[in-house]
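In: Sequence and computational prediction follow.
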Amino acid sequence: MLGLIIIWLVTAISFLIISRLPIGVEIDNFGKALITAAVFGILNALLFPVLILFTLLFIILTLGLFFFILNSIIFSLLAAIVPKFNLR
C-alpha cells in the first residue's frame, strides 16, 4: 500500500514538473496534479490493456512504435476527463 502511495505522489510531482515545461501541459496546483495522477493510473490500469489487445496487429507491424499513439490517446482522454488539466 505504501508503494502505491509513493508511485502516486511521484506521478503527481512529475505532472507538476511537466506542466512547468513549455510543451503545452497546464496544471494549476498540487491538488489537481494528485487528481490527474489518480485518473492517469486508473486509465493506464483499465483502458491501456484493452487498447493493446485491439491494436496488437499495429503494434507488431510498427515494431512497438504504435505504443506512442496509445499513450497519446490515454493522455488526451485524461485531458478530457480532468477539468483543470489542459493540453494546448
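Out: Great, that's in hand. The structure displayed is predicted, hence computed values, not measured ones.
In: Check this protein for its longest helix and report it.
Out: Criterion DSSP state H: the longest helix present in the chain is helix 30-54.
In: Quick check: next helix or strand after that one?
Out: For helix 30-54, the following helix or strand on the C-terminal side (DSSP states H and E) is helix 56-61.
In: right, and the helix or strand after that next one?
Out: Next helix or strand after helix 56-61 toward the C-terminus (DSSP H and E): helix 66-81.
In: That next one vs helix 30-54, what angle?
Out: Relative orientation of helix 66-81 versus helix 30-54 (axes from the mean of the first three to the mean of the last three C-alpha atoms, to 10 degrees): 140 degrees.
In: Export helix 66-81 to CSV, keeping only CA atoms.
Out: What follows is helix 66-81, C-alpha atoms only, in CSV (Å, rounded to 0.1, in the frame of the first residue of the first chain):
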residue,chain,number,x,y,z
PHE,A,66,2.3,2.3,-32.0
PHE,A,67,2.6,2.5,-28.2
PHE,A,68,3.3,6.2,-28.7
ILE,A,69,-0.1,6.6,-30.3
LEU,A,70,-1.7,4.6,-27.5
ASN,A,71,-0.1,6.8,-24.9
SER,A,72,-1.3,9.9,-26.6
ILE,A,73,-4.8,8.5,-26.7
ILE,A,74,-4.6,7.9,-22.9
PHE,A,75,-3.2,11.4,-22.4
SER,A,76,-5.9,13.1,-24.4
LEU,A,77,-8.6,11.1,-22.6
LEU,A,78,-7.0,12.3,-19.3
ALA,A,79,-7.3,15.9,-20.5
ALA,A,80,-11.0,15.4,-21.4
ILE,A,81,-11.8,13.8,-18.0
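In: quick check: mean pLDDT across that helix?
Out: The pLDDT scores in helix 66-81 average 94.
In: Can you name the residues in contact with it?
Out: Under the criterion C-beta atoms under 8 Å, 6 or more residues apart in numbering, residues 36, 39-40, 43-44, 47-48, 51-52, 55, 58-59, 85-87 lie in contact with helix 66-81. Just so you know, the C-beta spots here come from the backbone N, C-alpha and C atoms, and that holds for glycine as well.
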